[in-house]
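Asker: 3D model of this:
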Amino acid sequence: MTTAVVVGSGPNGLAAALTLAAAGLQVRVIEAADELGGGIRSSELTLPGLVHDECSGMHPLVLCSAFAERFDLAGAGLTWRWAPAEFAHPLDDGRGGVAVRSVSETAAGLGKGGPGWQHTFGPLTERFGTISQEFLQPVLHIPRHPLHLARFGAYAGLPATLLARRFRTPEAQALFTGVAVHSFRPLDTLASSAIGVALTTAAHAFGWPVAEGGSAAIRDAILARAAEHGVQFETGRRVTSLDELGGPDLVMLDTSPAAAARIAGDRMPRHVHRAYLRYRHGPGAFKVDFAVEGGVPWAHEGSRSAGTVHLGGGVKEMAAAERDVAAGRMPARPFVLVGQQYLADKTRSAGDVHPLYAYAHVPAGFTGDATEAITARIEQFAPGFRDRIRATYVRSTTQMSRHNANYVAGDIVTGANDAWQLVFRPRPAPDPYATGVPGVSLCSAATPPGAGAHGMCGYNAAQRALARL
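Answerer: Below you'll find the predicted structure:
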């Protein structure tokens, strides 16, 4: 029987393993940590009974994932839940913007910024089923829906600060820019709108759902399907060389490019080895999980019902903070993402005490403590928040990389999202998953289409590996 070994059990490693096993291969997964799942793990980090997502918390692209659809993860026990609103962006004095599933309802709440919002995201939302099929694969391909992709690309290629002007009012501009900041890159650079346009359109097309019971439920659904196909798992073992794997027909590496180069060693062609070592990682994330009694007392009413809240002030303030982070400087008031998953999933709370997920954008490898900066940022827009905190759990950039070796220096998106790497990650090649070593593929979020719990990097890589086989 044809055999395969998958190194790493994040969502992409698990997706690759299941895809290969469903094709009839005998598959073994080896994970360095004691627990499977990588970025889709959940646990009681603060108080008993409170379920916190350890990394990936909201999942905008899972519902348009060919992998999730093919293997019917919902039929394997995975249940999706939605908050009343998808995301919000508060400003001072109780002002702010909020996005809901309906484009027209969102636009109606944005005043003079509404027409620009409707004109931008209305047509994209109608076509998002075909558009998402195009960008959830390598950028360099022959598109099946070129006109739809061209409309998406016309907005995605712009600097986020330029596209934001289309929305006219401070509330609407901040609402979009807060999503664009998910790219972890300066907002005045080419294609810095790409991730913001994709995730905003996804919010209107499918919402930003959370997994009932925590993101680990995604892992458990994939594991249930993997068990049906006889996939074997080994935890607590770090692979350092291909020689340790016993000569399988295929090897899938759910690792950073640098780690893949180390594992492949001299077998990897020199030009690929050099490219992997030159692969650029992005800024870091400093995460604080809170146990909060009574929820967050947001001054902006729309933020009280939003699953995700972006805290960054106006466009100029966010742009300045992201420039500082990219230059290795810690901003005085960093961008902070807050996840209120409990609004969608009541099983995560214990009575009136709720788990709150928050991280700040910080320089790569930041060695300071951003706990107070994150707490102060929330307090700025939710006076009285400090008085409701009952416990905290902190994970610095160093702890992030220890928790998951793919998060180099705290880079939770596994690679800088500059224009070059958006197109050519992890290196310029006809097959971005091929390592140059026969039978060995890279399948982590360093490959297209990038970070997320959608599993498409692993699914795409496994499909290519099967085609070569």
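
Asker: please count neighbours and contacts with C-alpha atoms only from this point.
Answerer: Will do.

Asker: mind listing the helices for the stretch 251-400 of the chain?
Answerer: In the stretch 251-400 of the chain, the segments counted as helices under DSSP state H, counting those that start in this stretch are 257-264, 270-278, 315-326, 371-381, 397-403.

Asker: which secondary structure elements does the second one sit against?
Answerer: Spelled out, that is helix 270-278. helix 257-264 (3 or more Cα pairs under 8 Å, 6 or more residues apart in numbering; DSSP states H and E).

Asker: quick check: angle from the helix it packs on to helix 270-278?
Answerer: Counting by axes from the mean of the first three to the mean of the last three Cα atoms, to 10 degrees, helix 257-264 points 140 degrees away from the direction of helix 270-278.

Asker: which other helices and strands does helix 257-264 contact?
Answerer: Helix 257-264 packs on helix 270-278, going by 3+ Cα pairs under 8 Å, 6+ apart.

Asker: deepest of the helices of the stretch 251-400 of the chain, which one?
Answerer: Of all the helices of the stretch 251-400 of the chain, helix 257-264 carries the top mean neighbour count, a mean of 22, counting by mean count of other Cα atoms under 10 Å.

Asker: circling back to that earlier point, so which of the helices of the stretch 251-400 of the chain gets nearest Pro448?
Answerer: Closest approach to Pro448 among the helices of the stretch 251-400 of the chain (Cα to Cα): helix 257-264, 12.9 Å.

Asker: which stretch in the helices of the stretch 251-400 of the chain is the model least sure about?
Answerer: Lowest mean pLDDT within those: helix 397-403, at a mean of 94.

Asker: immediately after that helix, which helix or strand?
Answerer: Counting by DSSP states H and E, the next helix or strand C-terminal to helix 397-403 is helix 419-424.

Asker: after the helix or strand where Glu69 lies, next one along is what?
Answerer: In the assignment (DSSP H and E), Glu69 maps to helix 66-70. Going down the chain from helix 66-70, the next helix or strand is strand 80-81, by DSSP H and E.

Asker: double-check that Gly247 belongs to a strand.
Answerer: No: judged by DSSP: H, G, I helix; E, B strand; the rest coil, Gly247 forms no part of a strand; its state is coil.

Asker: that one and Gly439: what is the separation?
Answerer: Here Gly247 is placed at a distance of 10 Å from Gly439 (Cα to Cα, to the nearest Å).

Asker: higher neighbour count, these two?
Answerer: Gly439 (18 against 13; other Cα atoms under 10 Å).

Asker: show me the contacts for that one.
Answerer: Under the criterion of Cα atoms under 8 Å, 6 or more residues apart in numbering, the contact list for Gly439 reads 249-251, 465, 469.

Asker: also Thr255?
Answerer: 7-8, 405-406, 442-444.

Asker: give me the subset of those that lies in strands.
Answerer: When the contacts of Thr255 are checked against strands (DSSP state E), the matches are 7, 442.

Asker: among the contacts of Thr255, name the buried ones.
Answerer: Among those, those buried by neighbour count (16 or more other Cα atoms under 10 Å) are 7-8, 405-406, 442-444.

Asker: how about those residues in JSON lines, adding distance to Ala382?
Answerer: Compiled in JSON lines, those are given as follows (distance: Cα to Cα, whole Å):
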{"residue": "Val7", "distance to Ala382": "43"}
{"residue": "Gly8", "distance to Ala382": "40"}
{"residue": "Ala405", "distance to Ala382": "34"}
{"residue": "Asn406", "distance to Ala382": "34"}
{"residue": "Leu442", "distance to Ala382": "43"}
{"residue": "Cys443", "distance to Ala382": "41"}
{"residue": "Ser444", "distance to Ala382": "37"}
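
Asker: many thanks, I have nothing further to ask.
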